[in-house]
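**Student:** no sequence on this one, just coordinates:
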């Protein structure tokens, strides 16, 4: 059992607010991604959890116990750093056994544990090698093994895969996720790569401007962003300026569109943003009838084989549609088209 | 990294300038000194060209052997103290905010502007019975009566370390400030206390820098010839003092040159040995 609760956690560096008022629960055994653009405070937050930074405000509770004032070396959280921070003067085995040696475990136990951890990260038989002799991906695995050596209560990773090339990174994402599920350890990963977050997480915490913007499963965050920041940061979105008209309608350049019921925080007549994913937008050569259609003109087509992206200009607003090759709209640049925004896919957000 | 020979005139010219400087300021004086060490001394006069080993032979006596041993011991101890104090000092310095680091570095640089003479006389006054620090301790009621701490071995050590400390910090500063801050942090997350982190991660990760600094301070203090005279008793005089004495007061340049050669060869051998030992351990 290891459930971490953050209550009103904030961190200021002089006049700079890095993290503000974070309330968050990291459930036991789950993998949680802190996702956000650079400078959003996600690294500061994981350093506060690790005990490497003292929070300016708020408390941290581990299984209900206050650990805010516990120094990093008494927390038993395994951490993988962005630079990996492998000790250059020690061998692979020496690095992995470092924590065990600090705790005074005997030599035979150290050797056995190092071997089993190297098996776990699929890197057997390299215990005697020097760090400099390893490739980037191998160092990555050693850093993970070292962080797991003491069977920590929490597993923290700060941008762990950012040094790897794209292909290896994708493979490591899957591997890391499988490893986490096998070990069943509560894990927090910091990343700026939303694809990485979507691949690995049980829960995604979207951070922006020092605050938590939204917490949810990857699909929830993708389907129902709570504000324009999340809608814009996660994937690509068409963000259209609208005016609220009734409880299930908005006005877009004089035309009324039907949308799912609007929450009470948006009053009738107030300005709002309509968010819709490009893959939900349909571009039609001719009007077949149906709801939420607006007229437009094709301005650009990007056909990359696996998908087709069509840009349409609708009264000065750019709407982008992405379709699979089999649903490729039969249109060309400059054609007058009908753009369909299916009501169920529309999300109305405060401006 | 290996480079081919410079095959253009410009290549030769750029290489020639350091060559000329090296010859003028190092090779020529050194060759003269090496030659003089084999010359014949004229009693009451100067010296005349010759080739004899008398100067070296005179050196191989218990008296000078003892002085050589003492010189190496003094410099070795000074180097050890400087690094033992300077390394943690510099480590903590690099953890400070940038602006505070600059203040400390400027202060250390200003200490460098003090000459060996000023440092020697200042310490001999500070450690004296009549005007020294012991008077302060008496005034504070910590001591019965003022005492004289200089000249003496401790006073000599103090002076040498004071002289070499700014160099120690300035040599250690670049590698220590380049040390990845995540290394000690990783050790902390693995359960090591700050003190343990310092000794098991920071010190071993910078072993090369430590060895280099030890050598630098060792060689630097080996050449100090004023401080042993100002702060030490005659039995604390190092080989550098003897060389000065022979060259300036006894007008025996051949013997001084021979001693200088020998001191240089011994320290070179020690430096080489340190590198070999350090290299072996790194390779293991």
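**Tutor:** That came through, no problem. Because the structure is a prediction, the values reported are computed rather than measured.
**Student:** use CA for all of it now, contacts and neighbours both
**Tutor:** Fine.
**Student:** isn't residue A:29 right up against residue A:182?
**Tutor:** No - applying C-alpha atoms under 8 Å, one finds residue A:29 not in contact with residue A:182, separated by 10.3 Å.
**Student:** These two - which one has more neighbours?
**Tutor:** Neighbour count, other C-alpha atoms under 10 Å in any protein chain shown: between residue A:29 and residue A:182, residue A:29 has more, with 19 against 10.
**Student:** Just give the nearest non-adjacent residue to residue A:58, would you?
**Tutor:** residue A:9 (4.1 Å; C-alpha to C-alpha, 6 or more residues apart in numbering or on different chains).
**Student:** What residues sit buried inside stretch B:49-63?
**Tutor:** B:54, B:55, B:56, B:59 (16 or more other C-alpha atoms under 10 Å in any protein chain shown).
**Student:** same check, this time on stretch A:170-182
**Tutor:** Neighbour-count burial for stretch A:170-182 flags A:172, A:173, A:176, A:177, A:180 (criterion: 16+ other C-alpha under 10 Å).
**Student:** how much space between the third one and chain B?
**Tutor:** Note on residue A:176: its distance to chain B, by C-alpha to the nearest C-alpha, to the nearest Å, is 20 Å.
**Student:** That residue and residue A:153, how far apart?
**Tutor:** 17 Å (C-alpha to C-alpha, to the nearest Å).
**Student:** if you look at the buried residues of stretch B:49-63, which of them are in strands?
**Tutor:** Among those, none falls in strands (DSSP state E).
**Student:** Which of those residues fall within helices?
**Tutor:** Of these, the ones assigned to helices by DSSP state H are B:54, B:55, B:56, B:59.
**Student:** Dump those residues into JSON lines; add pLDDT as well.
**Tutor:** Compiled in JSON lines, those are given as follows (pLDDT from 0 to 100):
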{"residue": "B:54", "pLDDT": "78"}
{"residue": "B:55", "pLDDT": "79"}
{"residue": "B:56", "pLDDT": "81"}
{"residue": "B:59", "pLDDT": "77"}
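**Student:** Which of those residues sits closest to residue B:113?
**Tutor:** Each of these was scored against residue B:113 by C-alpha to C-alpha, and residue B:59 proved nearest at 35.5 Å.
**Student:** wait, the closest one sits on residue B:259?
**Tutor:** Yes - Residue B:59 lies in contact with residue B:259 (C-alpha under 8 Å); the separation is 7.2 Å.
**Student:** Could you tell me the backbone phi and psi angles at the closest residue to chain A within the stretch 151-284 of chain B?
**Tutor:** Taking C-alpha to the nearest C-alpha as the measure, the stretch 151-284 of chain B has residue B:191 as its residue closest to chain A, at 4.0 Å. Residue B:191 adopts backbone torsions of phi 100, psi 10, taken as degrees, to the nearest 10.
**Student:** Find the residue closest to it in space, skipping its chain neighbours.
**Tutor:** Per C-alpha to C-alpha, 6+ apart, closest to residue B:191 is residue A:73, 4.0 Å.
**Student:** Does that neighbour belong to a helix, a strand or coil?
**Tutor:** Secondary structure assignment for residue A:73 (DSSP: H, G, I helix; E, B strand; the rest coil): helix.
**Student:** correct me, but it touches residue B:196?
**Tutor:** No - at 10.5 Å, residue A:73 does not count as touching residue B:196 under the criterion of C-alpha under 8 Å.
**Student:** Those two: who's more crowded?
**Tutor:** Comparing residue A:73 with residue B:196 by other C-alpha under 10 Å, the one with more neighbours is residue A:73, at 21 against 15.
**Student:** what pLDDT does the residue in chain A that chain B sits nearest to get?
**Tutor:** Residue of chain A nearest chain B, by C-alpha to the nearest C-alpha: residue A:73 (4.0 Å). On pLDDT, residue A:73 comes in at 92.
**Student:** Residues of the stretch 101-250 of chain A that sit close to chain B?
**Tutor:** A:102, A:103, A:147, A:150 (C-alpha under 8 Å from any C-alpha of the partner chain).
**Student:** which ones are touching the closest residue to the third one other than its chain neighbours?
**Tutor:** Put plainly, it is residue A:147. Using C-alpha to C-alpha, 6+ apart and skipping the chain neighbours, the partner closest in space to residue A:147 is residue A:78 (4.2 Å). By C-alpha atoms under 8 Å, 6 or more residues apart in numbering or on different chains, the residues touching residue A:78 are A:146, A:147, A:148, A:150, A:151, A:152, A:153, A:154, A:155, A:156, B:189, B:190.
**Student:** Where neighbours are concerned, which of the residues you listed has the most?
**Tutor:** residue B:190 (32 neighbours).
**Student:** Report whether the expected contact of it with residue A:76 is present.
**Tutor:** Yes - here residue B:190 lies in contact with residue A:76, judged by C-alpha under 8 Å, at a distance of 6.9 Å.
**Student:** coming back round to it: to which secondary structure element is the residue nearest to residue A:58 assigned?
**Tutor:** strand A:4-13 (DSSP states H and E).
**Student:** I'd like to know the average pLDDT value across that strand.
**Tutor:** Average pLDDT, strand A:4-13: 93.
**Student:** what sits up against it?
**Tutor:** With C-alpha under 8 Å, 6+ apart, strand A:4-13 has contacts from A:17-28, A:44, A:54-64.
**Student:** Pull up the pairing partners for whichever helix or strand comes after that strand, direction included.
**Tutor:** Using DSSP H and E, the helix or strand that follows strand A:4-13 towards the C-terminus is strand A:16-26. Sheet pairing for strand A:16-26, assigned by DSSP bridges, gives strand A:4-13 (antiparallel).
**Student:** ok now the partner strand, how far from the chain's centre?
**Tutor:** 19 Å (C-alpha atoms, centre = their mean, to the nearest Å).
**Student:** Turn the buried residues of stretch B:49-63 into CSV, columns for distance to residue A:116.
**Tutor:** Listed next are the buried residues of stretch B:49-63 as CSV, based on distance: C-alpha to C-alpha, whole Å:
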residue, distance to residue A:116
B:54, 69
B:55, 67
B:56, 64
B:59, 63
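**Student:** tally of neighbours for residue A:286?
**Tutor:** Other residues close to residue A:286 by other C-alpha under 10 Å number 12.
**Student:** Pretty sure residue A:209 sits against residue A:40.
**Tutor:** Yes - counting by C-alpha under 8 Å, residue A:209 touches residue A:40, with 5.0 Å between them.
**Student:** Mind checking which of those two has more residues around it?
**Tutor:** residue A:40 (22 against 18).
**Student:** Surely that one touches residue A:210?
**Tutor:** Yes - with contact defined as C-alpha under 8 Å, residue A:40 counts as touching residue A:210 (5.0 Å).
**Student:** Need the residues touching each of these two.
**Tutor:** Shared contacts of residue A:40 and residue A:210, counting by C-alpha under 8 Å, 6+ apart, come down to A:18, A:19.
**Student:** which among the contacts of residue A:78 gets closest to residue A:124?
**Tutor:** Nearest to residue A:124 among these, with distances taken as C-alpha to C-alpha, is residue A:146, at 13.9 Å.
**Student:** Name the nearest residue to the closest one, ignoring sequence neighbours.
**Tutor:** residue A:96 (4.1 Å).
**Student:** for the chain, which spans come out with low pLDDT?
**Tutor:** The chain I'm using is chain A. Applying pLDDT under 70 to chain A flags residues A:1.
**Student:** nope, chain B
**Tutor:** For chain B, applying pLDDT under 70 flags the ranges B:1-8, B:45, B:278-284.
**Student:** interface residues of it facing chain A?
**Tutor:** Contact residues, chain B versus chain A (C-alpha under 8 Å from any C-alpha): B:180, B:182-183, B:185-193, B:201, B:204-205.
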